[in-house]
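Chemist: Show me how the following folds:
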Amino acid sequence: MNGNQQPARGVLSARRFGLLATTIAGLGAAAFFVAPSLAPDAAFFAGPAYAQNLSQEAQKLPQHPVGFADIVAKVKPAVISVRVKIDRPASSSLSNDENPFPPGSPMERFFRRFDMPNGGEGGHQVITGQGSGFFITADGYAVTNNHVVQKADNVQVTTDDGKIYSAKVIGTDPRSDLALIKVDDKDFPYVKLADASPRVGDWVLAVGNPFGLGGTVTAGIVSARGRDIGAGPYDDFIQIDAPVNKGNSGGPTFDVDGNVIGVNTAIFSPSGGSVGIAFAIPSDTVKTVIAQLREKGSVTRGWIGVQIQPVTLDIADGLGLKKAAGALVSEPQPDSPAAKAGIESGDVITAVDGNSIADARELARRIGTMAPGTAVKLNLVHQGQEKTVTLTLGTLPSEHQASNQEGQHPGADNDMPKLGLTLGKATGAEGAGVLVTGVDPSGVAADHGFQVGDVILDVGGKSVTNPAEVRKQLADARKEGKHAVLFRVKSGEGTRFVALPLGNA
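Modeler: Down below sits the predicted model:
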């Protein structure tokens, strides 16, 4: 499923995101910067009886201490430094397949910005990266970030007592940015993933390997939950203010009982260093993803096959909805479970199996936690009427093909100065619809994300094939007393709905 978001979406600037793994190439340095509802195997996280469960030891401490030294002493031996080497041709750069983040996302742009420099003609370039991780079993299974170990030819871990071990990658999941690695030894101290979610304001401890300085401990609180930072459709990060830096990637964030409440993965920073805004992957996500990685080396997710976007107040008004909630279907994908169940463009999905959906992100996460083949019941608003459909989830494809629309589009002969649009008939590659051939940067259309090359497919729920039909639909909406009219627009990023206010149209 694609979470197709509005252009004005409040995600943080791409230039201010940093992934936390530290990477060195030659003499230079640069920064690298949900799963099916399959119950994780409890025995997998329990470990052999002869090993020491440090989380249980920490819980034996009397009351919560004023300081954190006792907690740190118990859990820090389970935290490891992860060092990787990647040997690639000197002239190569990251391909689309190697980039772990969605095309166009803030993290993807940051990743490409800090791609390794060319090493000259011929030969090989050895890239060395550093991150963090932690043991979750006594027999050497450890969690880290996907972006720490992705494409690594060699992985080494250094334990808290300075011992170095070779490790192998069991599996990675780019969508959640998690990875499972294994050291072939036993009797490692390990820690437990938390069963309960932290509350905003709870104390937390971050332990990791910032800038290669292993065993670093910082403290703070949970600042927020459910953060969307533009990393992908399953964003559900815990925000903490404990200082974390590049190299902390994959390291644990502990609660005061010594349980891991999250895996550090990203920071928000204008300088590249900590400013007290860091993001961790919640432990419940870690449990389900890691259980699948151990079992089969990859993660499969449920899929209904729709492009979706949030329901804004303007869109709700344009559709006649009582409130701005649910996920608006921009376009069902051909032959997808949604299309076969009769879900259409313009439908609003309001609930899954009787549980209300707040927005498009929640729908993506909810479906992503279900296993392919699961039968689900979806509540919809279809053309103003409530209806229920039942479908069987497919498997989320590993890759999605994005269409690109490029080039100049001459021949515009109609304009709408009050909206700030110049329109022409779509031809050739654009197919049916009305082509946007000009956008006034100061106009209302520009404020709502319209760009040259967009194709207007529907206005007010009716298909349009020329600028005159667009004008007619706007006039009809005004006569009906609507404050906004809904456009269905196709662009290089997919199909989306945009609600334009009618006050000045």
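
Chemist: all helices of this protein, in order?
Modeler: 42-46, 54-59, 69-75, 106-113, 146-149, 283-296, 313-319, 337-340, 360-368, 444-447, 467-479 (DSSP state H).

Chemist: Select, out of those, the one closest to residue 229.
Modeler: For the helices of the chain, distance to residue 229 was read as CB to CB. The smallest value, 7.1 Å, belongs to helix 106-113. (C-beta placed from N, C-alpha, C; glycine too.)

Chemist: any low-confidence regions in the stretch 401-505 of the chain?
Modeler: Judged against pLDDT under 70, the low-scoring parts of the stretch 401-505 of the chain cover residues 401-418, 427-431, 503-505.

Chemist: coming back round to it: closest one to residue 86 among the helices of the chain?
Modeler: With distances scored as CB to CB, the stretch of the helices of the chain nearest to residue 86 is helix 146-149 (9.6 Å).

Chemist: Next, the contact list for residue 195, please.
Modeler: By CB atoms under 8 Å, 6 or more residues apart in numbering, the residues touching residue 195 are 259, 283.

Chemist: The stretch 251-400 of the chain: strands as residue ranges?
Modeler: Taking DSSP state E, counting those that start in this stretch as the criterion, the stretch 251-400 of the chain carries its strands at 252-254, 260-268, 278-282, 302-303, 306-310, 327-332, 348-352, 355-356, 375-382, 385-392, 394-395.

Chemist: neighbours around residue 281, how many?
Modeler: Other residues near residue 281 come to 27 when the count uses other CB atoms under 10 Å.

Chemist: Number the residues from 858 up from this point.
Modeler: That works, and once the first residue is 858, the last one we named lands at residue 1138.

Chemist: That one bridge partners, please.
Modeler: For residue 1138, the beta-bridge partners are residue 1120 (DSSP bridges).

Chemist: That one contacts residue 1118, correct?
Modeler: No: with contact defined as CB atoms under 8 Å, residue 1138 does not count as touching residue 1118 (10.0 Å).

Chemist: Between the two, which contacts overlap?
Modeler: Shared contacts of residue 1138 and residue 1118 (CB under 8 Å, 6+ apart): residue 1095.

Chemist: Rebuild the strands of the stretch 1108-1257 of the chain as JSON lines, extending it with distance to residue 1308 and mean pLDDT.
Modeler: Formatted as JSON lines, the entries for these read as follows, by distance: least, CB to CB, whole Å; pLDDT from 0 to 100:
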{"stretch": "strand 1109-1111", "distance to residue 1308": "40", "mean pLDDT": "96"}
{"stretch": "strand 1117-1125", "distance to residue 1308": "27", "mean pLDDT": "91"}
{"stretch": "strand 1135-1139", "distance to residue 1308": "30", "mean pLDDT": "93"}
{"stretch": "strand 1159-1160", "distance to residue 1308": "28", "mean pLDDT": "92"}
{"stretch": "strand 1163-1167", "distance to residue 1308": "16", "mean pLDDT": "84"}
{"stretch": "strand 1184-1189", "distance to residue 1308": "16", "mean pLDDT": "87"}
{"stretch": "strand 1205-1209", "distance to residue 1308": "25", "mean pLDDT": "94"}
{"stretch": "strand 1212-1213", "distance to residue 1308": "34", "mean pLDDT": "92"}
{"stretch": "strand 1232-1239", "distance to residue 1308": "29", "mean pLDDT": "94"}
{"stretch": "strand 1242-1249", "distance to residue 1308": "33", "mean pLDDT": "93"}
{"stretch": "strand 1251-1252", "distance to residue 1308": "31", "mean pLDDT": "92"}
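
Chemist: Quick one: closest of those strands to residue 1103.
Modeler: Counting by CB to CB, residue 1103 lies closest to strand 1117-1125 out of the strands of the stretch 1108-1257 of the chain; the figure is 8.0 Å.

Chemist: so where's the stretch 958-1107 of the chain shaky on pLDDT?
Modeler: Across the stretch 958-1107 of the chain (using pLDDT under 70), the flagged ranges come out as 958-981, 1087, 1089.

Chemist: The same query, at a cut-off of 80, please.
Modeler: Residues of the stretch 958-1107 of the chain that meet the criterion pLDDT under 80 lie in 958-984, 1067-1071, 1086-1091.

Chemist: Pull the number of nearby residues for residue 1054.
Modeler: 15.

Chemist: so who does it touch?
Modeler: For residue 1054, the contact set (CB under 8 Å, 6+ apart) comprises 1082, 1118, 1139-1141.

Chemist: swap the cut-off to 7 Å and go again
Modeler: Residue 1054 makes contact with 1139, 1141 under the criterion CB atoms under 7 Å, 6 or more residues apart in numbering.

Chemist: picking that back up, save the strands of the stretch 1108-1257 of the chain as JSON lines, and put in distance to residue 1009 too.
Modeler: Compiled in JSON lines, the strands of the stretch 1108-1257 of the chain are given as follows (distance: least, CB to CB, whole Å):
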{"stretch": "strand 1109-1111", "distance to residue 1009": "20"}
{"stretch": "strand 1117-1125", "distance to residue 1009": "17"}
{"stretch": "strand 1135-1139", "distance to residue 1009": "20"}
{"stretch": "strand 1159-1160", "distance to residue 1009": "29"}
{"stretch": "strand 1163-1167", "distance to residue 1009": "34"}
{"stretch": "strand 1184-1189", "distance to residue 1009": "37"}
{"stretch": "strand 1205-1209", "distance to residue 1009": "37"}
{"stretch": "strand 1212-1213", "distance to residue 1009": "40"}
{"stretch": "strand 1232-1239", "distance to residue 1009": "37"}
{"stretch": "strand 1242-1249", "distance to residue 1009": "37"}
{"stretch": "strand 1251-1252", "distance to residue 1009": "27"}
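
Chemist: for the closest residue to residue 1073 other than its chain neighbours, what are its contacts?
Modeler: Taking CB to CB, 6 or more residues apart in numbering as the measure, residue 1073 lies nearest to residue 1067, with 5.3 Å between them; neighbours along the chain are not counted. Taking CB under 7 Å, 6+ apart as the criterion, residue 1067 is in contact with 1073, 1101-1105.

Chemist: Need the pLDDT of residue 919.
Modeler: According to the model's per-residue confidence, residue 919 sits at a pLDDT of 66.

Chemist: sorry, back to before: widest-spaced pair of the contacts of residue 1067?
Modeler: In those, the most distant members under the criterion CB to CB are 1073 and 1103, with 11.9 Å between them.

Chemist: of these two, who's got more company?
Modeler: The neighbour comparison of residue 1073 against residue 1103 (other CB under 10 Å) goes to residue 1103, with 27 against 21.

Chemist: follow-up on the earlier one: between the helices of the chain, which gets nearest to residue 1047?
Modeler: It is, among the helices of the chain and with distance given as CB to CB, helix 911-916, at 6.8 Å.

Chemist: buried sites along that closest one?
Modeler: 911-912, 915 (16 or more other CB atoms under 10 Å).

Chemist: ok, of these, which one's closest to residue 1157?
Modeler: Sorting the buried residues of helix 911-916 by how near they are to residue 1157, with CB to CB, puts residue 912 at the top with 29.3 Å.
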